[in-house]
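**Q** using only what follows, build the 3D model:
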Amino acid sequence: MPRSRLFWNLIAKSYAQKPVEDEASYQRKLRETQALLHKGMDVLEVGCGSGSTALTHAPFVRHIRATDYAPKMIEIAQAKARAANITNVSFEAKCLESLEATKSRYDVVFALSLLHLLEHRAAGISRIHRLVKPGGLFISSTVCAGEMKGIAKTLLPLGSALRLLPLVRVFTAKDLAADLQAAGFEIETKWQPGPGKSVFIIARKPA
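**A** Sure thing, here's the model as predicted:
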C-alpha cells in the first residue's frame with residue numbers, strides 16, 4: 001500500500017473526530033459555495049476525507065460523487081451518510097488519477113485540502129479541468145506552505161521527506177493561481193483568511 005494511503009488510513013478515525021481548525025473560515029467557504037449550488041447539479045468531490053463537507057452540501061444539489069484515496073475514510077463517510085439518512089451522496093475509494101476523464105460531466109468539482117498533497121499538481125488540475133463541464137466550477141481550498149512563516153514552513157516538507165507525514169508540496173497561492181489559469185480556468189474568487197492560511201479559490205471553466 002502506498003505510504004500516503006497508509007498514513008490516511010491509520011489516522012482516519014482521529015481525523016474524523018478532529019474539530020475544524022478555523023470554524024469561521026470554514027463556514028464562510030460553505031456559504032460562498034452553497035450560494036453557487038442548485039438542485040440540478042451533479043458534483044464531484046476529490047479527496048473527500050471523512051465526508052463531512054459533501055454531506056453538508058448534499059441538500060443543495062442533485063447528486064455528489066465523493067471520492068478519497070483512503071478506504072478507511074470512505075468507510076467513515078458512508079457510516080455518516082447512513083446515520084444522517086442522506087441518499088444523494090455516493091462515496092468511493094478512488095484517487096484522482098483513476099477517475100475517468102474522457103468527457104466533461106460535472107457541474108462542480110471540489111478539491112478541499114487536496115492539491116498540496118498531489119505529487120503532480122499541474123497534471124491533477126488539468127485532469128479536473130477535463131472533468132468539469134464548460135461553464136462549470138472548480139472550488140478548492142489549499143494549504144500554501146510556501147507562505148508559512150517560521151518553523152512550520154520547514155517542518156512540513158521535512159516530515160514528508162522523513163516519511164513521518166504524507167507527501168506535501170510547497171508552493172504559494174500565486175503559484176496555484178498560475179496553475180489554474182494555465183489549465184484553462186478563470187478565477188472568480190480568491191480568498192485567504194490570513195498569511196499562510198489555506199487559499200479558497202472559485203474558478204470557472206469557460207463555456
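
**Q** beyond the helix or strand of the chain with the lowest mean pLDDT, next helix or strand please.
**A** Lowest mean confidence among the helices and strands of the chain (mean pLDDT, DSSP states H and E): helix 151-161, at a mean of 56. Using DSSP states H and E, the helix or strand that follows helix 151-161 in sequence is helix 173-183.

**Q** what is the burial count for Gly51?
**A** Per other Cβ atoms under 10 Å, the neighbour tally for Gly51 reads 27. All C-beta atoms are positioned from the backbone trio N, CA, C, and that covers glycine.

**Q** my guess is it meets Val89, correct?
**A** Yes: if you go by Cβ atoms under 8 Å, Gly51 and Val89 touch, sitting 7.3 Å apart.

**Q** give me the sheet partners of the top strand by length along the chain and which way each runs.
**A** Longest strand in the chain by number of residues (criterion: DSSP state E): strand 132-142. Applying DSSP bridges to the sheet, strand 132-142 is found paired with strand 106-112 (parallel), strand 199-204 (antiparallel).

**Q** compare the ones you listed and give me the one nearest Cys95.
**A** Of all the strands paired with strand 132-142, strand 106-112 sits nearest to Cys95, with 11.9 Å by Cβ to Cβ.

**Q** what's in contact with that closest one?
**A** With contacts defined as Cβ atoms under 8 Å, 6 or more residues apart in numbering, strand 106-112 is touched by 33, 36-37, 40-49, 53-54, 61, 65, 96, 124, 128, 131-133, 136-142.

**Q** in that strand, what counts as buried?
**A** Using 16 or more other Cβ atoms under 10 Å as the burial criterion, the residues of strand 106-112 that qualify are 106-112.

**Q** now, the most widely separated pair of those?
**A** Asp107 and Leu112 (16.6 Å).

**Q** the helices in the protein, which residues?
**A** Taking DSSP state H to define them, one finds helices in the chain at 3-17, 23-34, 52-57, 71-84, 121-131, 151-161, 173-183.

**Q** columns mean neighbour count and distance to Pro206 on top of these, output as TSV?
**A** Below are the helices of the chain laid out as TSV (neighbours: other Cβ atoms under 10 Å; distance: least, Cβ to Cβ, whole Å):
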stretch	mean neighbour count	distance to Pro206
helix 3-17	15	33
helix 23-34	15	20
helix 52-57	21	24
helix 71-84	18	32
helix 121-131	19	10
helix 151-161	14	34
helix 173-183	17	11
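
**Q** lowest average pLDDT across those helices?
**A** Between the helices of the chain, the lowest average pLDDT goes to helix 151-161, which shows a mean of 56.

**Q** which of the buried residues of strand 106-112 sits closest to Lys197?
**A** Leu112 (13.8 Å).

**Q** could you give the bridge partners of the closest one?
**A** Residues in a beta bridge with Leu112, per DSSP bridges, are Ser141.

**Q** Ile128: what's its closest spatial neighbour, skipping adjacent residues?
**A** In space, and not counting its chain neighbours, Ile128 is closest to Val109: 5.3 Å by Cβ to Cβ, 6 or more residues apart in numbering.
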